[in-house]
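In: pasting the structure only:
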């Protein structure tokens with residue numbers, strides 16, 4: 001179905017290829033998982049499948065990529081739209097319609113699908129991805145996880161032979177991720193869909209994969225999942241446990257690990273008694289009776305929360321439950337309809353910006369929302385100025401998180417993971 005023959009992609013002004021000398025075949029009906037560190041070249045590899053690389057991104061592609069017999073160097077992305085469906089890391093950037101139903105139908109309209117067929121496929125996609133509650137909502141009012149499900153639905157309705165997904169579960173809650181991956185796996189098994197998935201949360205996907213492709217510093221290798229997990233630079237926790245325990249074959253799921261660890265149950269010591277609760281430090285955030293609304297929609301109702309110095313707090317809930325809304329109130333980006341949300345004893349929305357950034361910082365689901373400069377170096381310099389820090393402080397923090405990256409690169413040219421690290 002997909003063949004890479006000696007493929008090398010080099011972007012303008014880059015000192016090294018993004019991917020180099022890739023030769024592999026993805027057979028029809030395979031679920032292929034692409035794994036690797038942030039910035040290793042996974043998105044570039046995926047982009048070559050429908051011609052976005054290099055037709056849209058620029059740069060030079062040497063070698064040959066063929067999909068269902070079509071050479072991507074001779075067929076632009078629009079010429080492959082009936083064969084390849086793509087869902088990127090930031091689905092909202094590709095939305096063009098106003099409502100969920102219209103967005104799902106939009107691609108079919110461009111392909112000239114008959115109206116009665118469009119209606120049936122929209123209903124099937126809404127059922128498959130659990131979009132009943134939001135089907136008539138504006139796409140701009142959806143949570144990031146809901147937007148991701150809409151993006152997947154809008155591609156599935158075109159019935160592609162190949163589906164390319166770049167981190168499809170990154171914004172989904174665990175339940176929604178299981179539902180989406182279960183639906184996609186059924187399509188692979190029942191309809192012979194060829195699925196290529198790049199994912200950082202490998203534990204969600206690796207147990208379903210037929211093949212794993214690892215990408216590290218532009219170099220690509222592929223093979224059976226257990227064999228590739230033995231040498232992959234990025235592995236899920238259950239595989240890391242298997243490596244430490246010396247198990248062979250390596251477990252790819254919790255079920256596999258439980259079976260391999262059966263003998264441990266009689267040899268491991270009893271767990272220690274729980275530690276005594278420590279005294280809580282100064283209260284930094286105080287939320288009481290918080291109500292929040294978007295027009296007629298109630299996002300939060302009577303929320304109470306205390307956050308104390310030194311705590312790590314996990315905020316959990318389904319997509320659309322109101323997690324981001326609560327964070328926006330703590331970051332001063334929204335004002336309560338009722339109740340209070342205080343940081344350091346003050347309402348964040350009432351503080352001057354210079355004071356607010358010293359109290360609370362927000363890294364949103366889409367990191368591009370807080371990146372404004374035209375290069376990584378300019379972003380770092382602006383952060384140093386805003387916080388009155390010595391020059392180079394932020395750049396050193398970026399290197400600590402991401403390693404060395406090109407300071408002259410525009411933030412939009414970074415991978416999604418690199419943008420997130422830069423925003424952080």
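Out: Looks like it arrived, so ask away. Just so it is clear, the structure is predicted and the values come from calculations on it, not from any experiment. Residues are numbered from 1 along each chain as shown.

In: Now do the buried residues in the lowest-mean-pLDDT helix or strand in the chain.
Out: Least confident helix or strand of the chain, by mean pLDDT, DSSP states H and E, is helix 174-191 with a mean of 81. For helix 174-191, the neighbour count (16 or more other CB atoms under 10 Å) marks 176, 177, 179, 180, 181, 183, 184, 185, 187, 188 as buried. In this view, the C-beta of every residue, glycine as well, is placed from N, C-alpha and C.

In: Can you lay out those as a markdown table showing distance to residue 2?
Out: Shown next, in a markdown table, are the buried residues of helix 174-191 (distance: CB to CB, whole Å):
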| residue | distance to residue 2 |
| --- | --- |
| 176 | 28 |
| 177 | 25 |
| 179 | 27 |
| 180 | 22 |
| 181 | 21 |
| 183 | 22 |
| 184 | 17 |
| 185 | 19 |
| 187 | 17 |
| 188 | 14 |
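
In: list the contacts for the residue nearest the centre of the chain?
Out: Centroid check for the chain by CA atoms, centre = their mean gives residue 170 as the closest residue, at 3.2 Å. Counting by CB atoms under 8 Å, 6 or more residues apart in numbering, residue 170 makes contact with 89, 148, 199, 200, 201, 416.

In: Closest to residue 78 out of those residues?
Out: The nearest member of the contacts of residue 170 to residue 78, counting by CB to CB, is residue 89 at 21.2 Å.

In: Distance check, the nearest residue to residue 68 once chain neighbours are set aside against residue 344.
Out: Counting by CB to CB, 6 or more residues apart in numbering, residue 68 lies nearest to residue 83, which is 5.0 Å off, once chain neighbours are set aside. With distances taken as CB to CB, to the nearest Å, residue 83 is found 55 Å from residue 344.

In: Give the residue from the two that has the larger number of neighbours.
Out: Neighbour totals were compared for residue 83 and residue 344, and residue 83 leads with 19 against 15 (other CB atoms under 10 Å).

In: Pick the one among the buried residues of helix 174-191 closest to residue 137.
Out: Using CB to CB, the buried residues of helix 174-191 come closest to residue 137 at residue 176, 16.2 Å.

In: Find me the pLDDT at the closest residue to the closest one other than its chain neighbours, would you?
Out: Excluding the flanking residues, the one nearest residue 176 by CB to CB, 6+ apart is residue 319, at 5.5 Å. With respect to pLDDT, residue 319 has a value of 81.

In: Do I have it right that residue 319 meets residue 146?
Out: Yes. Using CB atoms under 8 Å, residue 319 is in contact with residue 146, at 5.3 Å.

In: More neighbours: these two, which one.
Out: Taking neighbours as other CB under 10 Å, residue 319 and residue 146 compare with residue 146 leading, 25 against 22.

In: Could I get the contacting residues of that one?
Out: Taking CB under 8 Å, 6+ apart, one finds 131, 134, 319, 320 in contact with residue 146.

In: Is it in a helix, a strand, or coil?
Out: The three-state assignment at residue 146 reads helix, by DSSP: H, G, I helix; E, B strand; the rest coil.
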